[in-house]
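1. got a predicted structure plus its sequence, pasted below:
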Amino acid sequence: MQILHSNIIGQGDPILILHGFLGMLDNWKSIGTKYAEEGFEVHLIDQRNHGKSFHSEQFNYDVMAADLNHYMVYHKLPNAIILGHSMGGKTAMLFACKHPEMVKKLLVADIAPKFYPPHHQDIINGLNAIQIHDISSRQEADEQLAKYLKQTGVRQFLLKNLYWVEKGVLGFRFNLEVLSERMDEVGENIGTTDSYSGPTLFLRGDKSEYITDADLTEIKNHFSRATLVTISNAGHWLHAENPKQFLAKSIPFIKE
């Protein structure tokens, strides 16, 4: 059985953090460090086909929730606070519904328990267009990606996944081939009857359209004790765009 790669910092009650699609644990390093300073043992986790975790042909929320279960058993964690962003939020939601006794509290960042139509095609097309074996720098990759994606911030986020496989050879940490084929899985919803009755905090960016006011009914159907808070001056990457407010809203919840 393969165990997810992680970076563990701090001491205290465990918090497990799951990144979003095409992300990696490093995206949450600054937030995780702050939680560690508040007296928690923070597990920054790479999900399958991402970061330094294993690559697999299988990619859906059922197997990602199972990965999290295996991770907690391996690390002897009977329960933990779980925080997930976007795709990681869907994994966290499903895991909490399947294993409620293992989740002390649930935090979901900018994703709702609903189906999302495929919307990553431009990103996938741009990444696949990069001549990965012919480039020798992140700058060259950025120039090729810019033909598909105008937003500098999004390109920088994606190109953090570039690394030197060996001298003179660049590669992506994520499994681009499988993620391209299974991209539609990211938009899938948790089961219609799945529910978790523990303390739950949903956070959304005020400039993001991922969670609307109309979604609150559906959220409450699955998570009866859910609270929804809005982070100002933030889009979908709310933890990176307004980390101060993200921490101000989440720390009281995890400490209470």
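-> Arrived safely.
2. got the residue ranges for the helices in the stretch 1-150 of the chain?
-> 29-37, 61-74, 87-98, 121-129, 138-145 (DSSP state H, counting those that start in this stretch).
3. which residues touch the first one?
-> It refers to helix 29-37. 7, 9-11, 15, 17, 42, 44, 239, 243, 246-247, 251, 254 (CB atoms under 8 Å, 6 or more residues apart in numbering). No exception for glycine: its C-beta is placed from N, CA and C like everyone else's.
4. recalculate using a threshold of 6 Å.
-> For helix 29-37, contacts defined as CB atoms under 6 Å, 6 or more residues apart in numbering pick out 9-10, 15, 17, 42, 44, 239, 247.
5. can you pick the most crowded of those residues?
-> Neighbour counts for these, by other CB atoms under 10 Å, peak at residue 42, which reaches 29 neighbours.
6. for that one, name its beta-bridge partners.
-> When bridges are called by DSSP bridges, residue 42 pairs up with residue 9, residue 15.
7. surely it and residue 9 touch.
-> Yes: using CB atoms under 6 Å, residue 42 is in contact with residue 9, at 5.1 Å.
8. thinking again about what came up before, okay, the contacts of helix 29-37 in TSV with distance to residue 113 next?
-> Shown next, in TSV, are the contacts of helix 29-37 (distance: CB to CB, whole Å):
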residue	distance to residue 113
9	29
10	30
15	21
17	19
42	25
44	24
239	20
247	24
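9. which members of those are the farthest-apart pair?
-> Within these, 10 and 239 form the most distant pair, 17.3 Å apart (CB to CB).
10. okay, and residue 163 sits in which element?
-> strand 162-166 (DSSP states H and E).
11. which other helices and strands contact that strand?
-> Taking 3 or more CB pairs under 6 Å, 6 or more residues apart in numbering; DSSP states H and E as contact, there are no helices or strands that strand 162-166 lies on.
12. for stretch 165-179, the averaged confidence score.
-> The pLDDT scores in stretch 165-179 average 93.
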